[in-house]
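1. Okay, predicted coordinates and the sequence, questions at the end:
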Amino acid sequence: MSYPPYPPATGQPQLAGPGGAYGPIESNPGQIVPGQLPPPSMTMTKPGTVLGIQVILWIFAAIAAIGDVYQAIQMVEYENPLLLIGLAYSIYSTIQGLLSPVQIERGKRGWWLWNVINSGLGAVIALVVIIYALGVVEYTAMPLLMGLGLGGLQGTMFVLLVTKSARSWILMHHIQRGKLRSLGTPAPGAVGVLVKISPQRPESKPGMVTALQLMLWFVALSPVMFTILTIVWAQDALEREIRIGWETPGTSPSEYLLESDFILGIIFSLVAVVALSILAIISAIGLQRGRFWARVYTPIWLGIVTLLLALTTIACWVNFSPGEFDDVSDATATLGVIVSLVFTGAFITAIVAFIMVFLPGTRSWAPGEETVISYLPGAQGQPLPGQPAMATPAGYGPPSQAPGYGPSPQGSGYPPQQQQHPGYGAPQAQQPSPYPPPPDRAQAPQGYPQQGPPPGGGGYPPQSPPPGGGGYGPRY
């Protein structure tokens, strides 16, 4: 059964007067027009989760501002170039804490996503600080308190950012700015829903995805160079200690390596290689198959590794620079510079790979389900944020079952009608009349009710003809 379609949206202004004789009605751009949905900002108020996010970000901005002053005083007092990194991060945190609350209140999706990533990384860093602080808690409790405070704020903000109300707030403004495609034409009074569609992938894998996979492998295998440096460095230290008499001439390099602190460096670098290789294998397989989860999973671990590589690169240049790494042989000193260059390249590669995950080439190969607004009849999906639930206009959509037109079809979603008008639909059982039919009247056809005489008589009396002659026969 087909139903009348929705009336098309004309897009013409509303006219005043009978038949529009007085011309169009002037209205402001933000004024609600009859027959159209109001702007989402007029139907959805700012949720409390967004206010909670803003408060936490303002707290971070205040803490970062205090850190700016502290880092500046430390740089003037100690003149250590490493303190410049702390000052730069503190200034960045201050700027982010001041700008993010304003942009999230405006519903900017990019700022919301960036704060989700930052809060997730902050929670991981806070966990590392707490684990480290548990080892020194008997000496000082300050690191543990700092880790618990940082973890509490970062974890709370992460939870608030991913709540349904906060996501609906961002999605509402995303729709209001026209960032989502529409399916169908919105008719006056029509209610749109959010549906997900699967976009098409290119036939062949883009070269950007292959380059990204190679970069991930380079980042994962970069700690191998530190393992090689540690072995060469241990051999050089053994020869030096034998010359000065600290070790016996018969000591083998393997025995010396197992008894010294160099074994810790080897274990640490090998564990890092295995862990990073597992992460890189999972990302490479997901990207090879074009899975959307790989495009979400890769920047998470890659962002954490990028921060660790930044610290490792700085430590390598400080400890293995020609002025500091001078108590070893020339070959070992040269290898130290090579290791510093490798970690510098790995750090830059990690940054480039992190950016490439979000570029169109990678996104087209591993696409996610696209969210669009559907106005098509019968579309099922999530209602638009801030849109009031509206009933289907009268005369459109599946009508109610009219009395007398048979039962409702099975599975239509409408209850069967119990009453039917006599003479329509399925024939009804005939009730026998208690009165006999008139003797001069033929039997009525089957399927129609038999008419009998009124109570008290065996038939209708004949009627007198009108004056002037002629007349009607007996009327029954």
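-> That came in fine, so what should we check first? Residues are numbered from 1 along each chain as shown.

2. Find me the pLDDT at the nearest residue to Gly107 once chain neighbours are set aside, would you?
-> With Cβ to Cβ, 6 or more residues apart in numbering as the measure, His173 is the residue that lies nearest to Gly107, at 2.4 Å, once sequence neighbours are left out. C-beta here means a position set from N, CA and C on the backbone, and glycine is covered the same way. His173 carries a pLDDT value of 82.

3. which secondary structure element contains His173?
-> Secondary structure assignment for His173, by DSSP states H and E: helix 164-176.

4. Output that helix as PDB, restricted to C-alpha atoms.
-> Only the C-alpha atoms of helix 164-176 are listed here, as PDB (Å, rounded to 0.1, in the frame of the first residue of the first chain):
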ATOM      1  CA  LYS A 164      26.700  11.100  26.000                       C
ATOM      2  CA  SER A 165      25.700  14.700  26.900                       C
ATOM      3  CA  ALA A 166      29.100  16.200  26.000                       C
ATOM      4  CA  ARG A 167      29.200  14.300  22.800                       C
ATOM      5  CA  SER A 168      25.600  15.400  21.900                       C
ATOM      6  CA  TRP A 169      26.600  19.000  22.700                       C
ATOM      7  CA  ILE A 170      29.600  18.800  20.200                       C
ATOM      8  CA  LEU A 171      27.400  17.000  17.600                       C
ATOM      9  CA  MET A 172      24.700  19.600  17.800                       C
ATOM     10  CA  HIS A 173      27.100  22.400  16.900                       C
ATOM     11  CA  HIS A 174      28.700  20.200  14.300                       C
ATOM     12  CA  ILE A 175      25.300  19.800  12.600                       C
ATOM     13  CA  GLN A 176      24.500  23.400  13.000                       C
END
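
5. what comes up buried for that helix?
-> For helix 164-176, burial by neighbour count (16 or more other Cβ atoms under 10 Å) applies to 166, 168-176.

6. about what we covered before: pretty sure the residue nearest to Gly107 sits against Glu105.
-> No: here His173 does not reach Glu105: they are 9.5 Å apart, not a contact under Cβ atoms under 8 Å.

7. where are the low-confidence patches of the stretch 351-476 of the chain?
-> Filtered on pLDDT under 70, the stretch 351-476 of the chain yields the residue ranges 370, 376, 378-382, 384-476.

8. swap that for the stretch 151-300 of the chain, please
-> For the stretch 151-300 of the chain, applying pLDDT under 70 flags the ranges 182, 184-191, 198, 245-248.

9. repeat that for 50
-> Of all residues in the stretch 151-300 of the chain, none has pLDDT under 50.

10. if we can go back for a sec, reformat the buried residues of helix 164-176 as JSON lines; add distance to Trp233.
-> Formatted as JSON lines, those follow (distance: Cβ to Cβ, whole Å):
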{"residue": "Ala166", "distance to Trp233": "51"}
{"residue": "Ser168", "distance to Trp233": "57"}
{"residue": "Trp169", "distance to Trp233": "55"}
{"residue": "Ile170", "distance to Trp233": "51"}
{"residue": "Leu171", "distance to Trp233": "55"}
{"residue": "Met172", "distance to Trp233": "59"}
{"residue": "His173", "distance to Trp233": "56"}
{"residue": "His174", "distance to Trp233": "54"}
{"residue": "Ile175", "distance to Trp233": "59"}
{"residue": "Gln176", "distance to Trp233": "61"}
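
11. Understood, closing this out.
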